[in-house]
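Novice: I need the structure of the sequence given here:
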Amino acid sequence: MQTTAAFDDIAENLSFLDDWEDRYRYIIELGQGLPPLAETERTEANRVRGCASQVWLVTERDERDGETVLTYRGESDAMIVQGLVSILLALYSDRAPAEIAATDALPVLDGLGLREHLSTQRSNGLAAMVNRIRSDARAIAG
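Specialist: As a prediction, the model looks like this:
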């Protein structure tokens, strides 16, 4: 699976951290770097169902060199989940809809050891975010 440079940087930084407490801190810092969504974007239509925390994802469509490219923005009310949102945005943003739809992030995240260190609820929420992103991309590509 093709990953992005932004995601590769995150994966590399995580690989330097041996302790999961340090990794969690890094993931939280990633989330703190995300710009907040506008209040008008925190709607039911943008809310991700299946997450124990509140999570909103916004899909933006752009044309670059005659090709449709999707960019995602997101936010959560939980610090660790906000960091997970940041990781998914790094993996999926600025890509063609068909490429996004074909990219299952879960095996990639498993390669980082991420899901095995999350609670069941957070792991299910992560899967819900991935499904939402891919579903939006399929709808635009289709």
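
Novice: Okay, buried residues for stretch 72-85 please.
Specialist: Buried residues in stretch 72-85, counted by 16 or more other Cβ atoms under 10 Å: Tyr72, Arg73, Gly74, Glu75, Ser76, Ala78, Ile80, Val81, Gln82, Gly83, Leu84, Val85. C-beta: built from backbone N, CA, C; applies to glycine.

Novice: Give me the contact list for the helix or strand that contains the third one.
Specialist: Going back to what we said before, that points to Gly74. Taking DSSP states H and E as the definition, Gly74 sits inside strand 67-76. Here strand 67-76 makes contact (Cβ atoms under 8 Å, 6 or more residues apart in numbering) with 31, 34-37, 41-42, 51, 53-63, 82, 84-86, 88-89, 92-97, 100, 129, 133, 136-137, 140-141.

Novice: Tell me where this structure is predicted with low confidence.
Specialist: Within the chain, the segments meeting pLDDT under 70 span 1.

Novice: so who does Ile87 touch?
Specialist: Phe7, Ile10, Ile27, Leu30, Leu109, Leu114.

Novice: what about 7 Å?
Specialist: Applying Cβ atoms under 7 Å, 6 or more residues apart in numbering, we find Ile87 in contact with Ile10, Leu30.
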